[in-house]
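Engineer: Sequence first, then the predicted structure, then my questions.
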Amino acid sequence: MNEISVEVRSRTEEADGICSLELVHPGGELLPAFTAGAHIDVHVSPQLVRQYSLCNDPTERHHWRIAVLRDPASRGGSAGVHERLHAGTTLQVSAPRNHFELVAARRSVLVAGGIGITPILAMAQVLHATQQEFAMHYCARSERRMAFRREIQASGYAANVRFHAADGPTEQQFDPGQALAGGDAATHLYVCGPSGFMDHVLVTARALGWPEENLHREQFAAAPVATGEDLAFEVQLARSGRTCTVPAGRSALQVLLEQGVDIPFSCESGVCGTCITRVLDGEPAHRDSFFTDAERAANDQFTPCCSRSRTARLVLDL
């Protein structure tokens, strides 16, 4: 994966526990183009890579902006951003990738929960700039935890936005049934936030009859998978002929890394696609959140960080 060197031009405390970073090319060059909903891989340290959505206007090529919530249960990603990345810091990032694209629609409904505002903010900017009809709902535990609230209130699309604070008056609290009423084949829903929040919104949309193909979610964490019936399987490295056994309870990625096989990886949960490996023989048991249904059906690649095998052996292009 191609990496880009960027410099933190500025850092802003946007809300309780949330900071934003403005990233620029060290030489002042334009950064690669991106579309609303895109994210970049950020090398928080040489051994730690995390995904963060770009939340500025996609027409702004002279800089990118990300915002990061410090997670109390951080495994090093968000804590590393908050502790180590300051104005003047140089770091490596990937080119933008987008698995949460806006699609052409008569009307769009944007729903953000907490730090899920990041891709939603870029979407609102694009929809407003292109004069498309949309409504936006921004939910958080409190106003103090709403990043970019003032920016949104001062924007040209402020009238399209409703803010919902869980600790606020009852009349302003988020009611997904009311927010999603009137959905039809010409309306698309985009939701980003904690998994439970997104599930609640999407279950409500389905109950109201929204077409499944009109529902879009962004996630950087995989859904839980039952592992109690996992079986061991073998992976064969086609280039060397070596064979390794992947026991139940361990991932193919873990085993291969221990064997000295150089595989790039990041999320370790099947969300980012960094570790995708080509399959030459055998049938993967896909557990990722990255591939489309058609890509899974092809069975010619898999994510060794989380996926397993339906056959006794997988032959990998390694």
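Structural biologist: Sure thing, it's come through. These figures come from a predicted structure and were not determined experimentally.
Engineer: From now on I want contacts and neighbour counts done on CA atoms only, so please keep to that.
Structural biologist: OK.
Engineer: domains of the protein?
Structural biologist: Listed by automatic domain parsing, the domain ranges of the chain are 3-94, 107-218, 233-316.
Engineer: Adding mean neighbour count, write those domains out as a markdown table.
Structural biologist: Below are the domains of the chain laid out as a markdown table (neighbours: other C-alpha atoms under 10 Å):
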| stretch | mean neighbour count |
| --- | --- |
| domain 3-94 | 18 |
| domain 107-218 | 18 |
| domain 233-316 | 18 |
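Engineer: Could you dump those domains into CSV with distance to E101 and mean pLDDT added?
Structural biologist: As requested, the domains of the chain are exported to CSV (distance: least, C-alpha to C-alpha, whole Å; pLDDT from 0 to 100):
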stretch, distance to E101, mean pLDDT
domain 3-94, 6, 93
domain 107-218, 9, 96
domain 233-316, 14, 91
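Engineer: Adding distance to F100, write those out as TSV.
Structural biologist: Output for the domains of the chain, formatted as TSV (distance: least, C-alpha to C-alpha, whole Å):
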stretch	distance to F100
domain 3-94	5
domain 107-218	6
domain 233-316	11
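Engineer: which residue sits closest to R308 in space, ignoring its chain neighbours?
Structural biologist: Spatial nearest neighbour of R308, chain neighbours left out: A285 (4.9 Å); criterion: C-alpha to C-alpha, 6 or more residues apart in numbering.
Engineer: Wait, that neighbour touches S307, no?
Structural biologist: Yes - contact criterion C-alpha atoms under 8 Å: A285 and S307 qualify, at 5.8 Å.
Engineer: Tabulate the CA atom coordinates of stretch 122-139 in PDB.
Structural biologist: Once non-C-alpha atoms are left out, stretch 122-139 reads as follows in PDB (Å, rounded to 0.1, in the frame of the first residue of the first chain):
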ATOM      1  CA  ALA A 122     -18.100  15.600   4.800                       C
ATOM      2  CA  MET A 123     -21.400  14.100   3.300                       C
ATOM      3  CA  ALA A 124     -23.400  17.100   4.500                       C
ATOM      4  CA  GLN A 125     -20.900  19.500   3.000                       C
ATOM      5  CA  VAL A 126     -21.100  17.800  -0.400                       C
ATOM      6  CA  LEU A 127     -24.900  17.500  -0.400                       C
ATOM      7  CA  HIS A 128     -25.200  21.200   0.500                       C
ATOM      8  CA  ALA A 129     -22.700  22.300  -2.100                       C
ATOM      9  CA  THR A 130     -24.500  20.300  -4.900                       C
ATOM     10  CA  GLN A 131     -27.900  21.500  -3.700                       C
ATOM     11  CA  GLN A 132     -29.200  18.000  -2.900                       C
ATOM     12  CA  GLU A 133     -32.100  17.500  -0.500                       C
ATOM     13  CA  PHE A 134     -31.000  16.000   2.900                       C
ATOM     14  CA  ALA A 135     -31.700  15.900   6.600                       C
ATOM     15  CA  MET A 136     -29.000  15.300   9.200                       C
ATOM     16  CA  HIS A 137     -29.300  14.100  12.800                       C
ATOM     17  CA  TYR A 138     -26.400  14.400  15.200                       C
ATOM     18  CA  CYS A 139     -26.700  12.400  18.400                       C
END
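Engineer: can you list contacts of it?
Structural biologist: 36-37, 54-58, 102, 106-114, 117, 146, 156-157, 160-166, 174, 179 (C-alpha atoms under 8 Å, 6 or more residues apart in numbering).
Engineer: Next up, the contacts around F290.
Structural biologist: 270-273 are the contacts of F290 under C-alpha under 8 Å, 6+ apart.
Engineer: ok so, going back, and the residue nearest to R308, how far from V103?
Structural biologist: Distance, A285 to V103, using C-alpha to C-alpha, to the nearest Å: 30 Å.
Engineer: who does the top strand by length along the chain pair up with?
Structural biologist: Looking across the chain with DSSP state E, the single longest strand is strand 3-15. Applying DSSP bridges, strand 3-15 is found paired with strand 18-24 (antiparallel), strand 90-94 (antiparallel).
Engineer: And the contacts of the last one?
Structural biologist: Spelled out, it's strand 90-94. With C-alpha under 8 Å, 6+ apart as the criterion, strand 90-94 contacts 1-8, 26, 40-44.
Engineer: Give me the distance from that strand to the chain's centre.
Structural biologist: Centroid separation for strand 90-94 versus its chain: 17 Å, with C-alpha atoms, centre = their mean, to the nearest Å.
Engineer: Downstream of it, the next helix or strand is which one?
Structural biologist: strand 107-113 (DSSP states H and E).
Engineer: tilt between the following helix or strand past that following strand and strand 18-24?
Structural biologist: Using DSSP H and E, the helix or strand that follows strand 107-113 towards the C-terminus is helix 117-129. Counting by axes from the mean of the first three to the mean of the last three C-alpha atoms, to 10 degrees, helix 117-129 lies at 60 degrees to strand 18-24.
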